[in-house]
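**Q** After the sequence you'll find the predicted model.
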Amino acid sequence: MDERIQIYDTKMTKTYDNLMAEFGAVRAGRANPHVLDRIMVDYYGTPTPIQQVGNVTVPEARMIQIQPWDASLVKAIEKAIMVSDLGINPNNDGKVIRLVFPELTEERRKELVKDVKKKGEAAKVAVRNIRRDANDAFKKLKKSADVSEDEIAELEEEVQKLTDKYVKEIDKAVEEKSGEILKV
């Protein structure tokens, strides 16, 4: 692959990977430890990911258990979860924090699917913006007269193929995640 195309392929890959990470944080009725990825705990004045201050396990399909290595962190972890956008009240017994995920209602599932589709659209827009940036860069190359019109057309075609590939992958990911959410 031409190194002029490689840059844009890398950017599109990052966009796709970012979307997949966002999808990992969407709860689909099952307990997924990735919903905690963005939650930070105040660990002696330093914001620290929950996974770095305790052991995170999934003992049941709809429960996440967090066992802090330092028992004094139970309150801090509980507070961090409560102020997050997770929407689940943590239960603790002084040593362990449990998050019980309720069964999703049909209405909530439809909301989540809408959200997933919106995130997918945003990712597709980002991929198309990368294509636009690439085409602008190729037009500048044409002005420098180092590159023939045919080469520019080839580069633009390559970027279009990449765009089509990533848009198709994003559509597939949105469909899979929507199916996972709607499955009872």
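**A** Good, I have the coordinates.

**Q** going forward, measure contacts and count neighbours with C-alpha atoms only.
**A** OK.

**Q** And the chain, split by domain according to the record?
**A** 3-24+105-182, 33-100 (automatic domain parsing).

**Q** The longest helix along the chain: how far from the chain's middle?
**A** When the chain is parsed with DSSP state H, its longest helix is helix 106-143. Averaging C-alpha positions (CA atoms, centre = their mean, to the nearest Å) puts helix 106-143 14 Å from its chain's average.

**Q** and it, which residues are buried?
**A** 109, 112-113, 116-117, 119-121, 123-124, 126-128, 130-131, 134-135, 138-139, 141 (16 or more other CA atoms under 10 Å).

**Q** what's the following helix or strand after it?
**A** helix 149-182 (DSSP states H and E).

**Q** what angle separates that next one from helix 106-143?
**A** If you take axes from the mean of the first three to the mean of the last three CA atoms, to 10 degrees, helix 149-182 sits at 170 degrees to helix 106-143.

**Q** for helix 149-182, packing partners?
**A** helix 3-24, helix 106-143 (3 or more CA pairs under 8 Å, 6 or more residues apart in numbering; DSSP states H and E).

**Q** Excluding chain neighbours, what is closest to Gly24?
**A** Once flanking residues are discounted, Gly24 sits nearest to His34: 6.0 Å by CA to CA, 6 or more residues apart in numbering.

**Q** gap between the residue nearest to the spatial centre of the chain and Lys140?
**A** Nearest to the geometric centre of the chain sits Glu22, at 1.9 Å (CA atoms, centre = their mean). Using CA to CA, to the nearest Å, one obtains 35 Å as the distance from Glu22 to Lys140.

**Q** again, but for Lys110
**A** 45 Å.

**Q** quick one on the thing from earlier: tell me the angle of the longest helix of the chain relative to helix 3-24?
**A** Put simply, helix 106-143 runs at 170 degrees to helix 3-24, going by the same axes, to 10 degrees.
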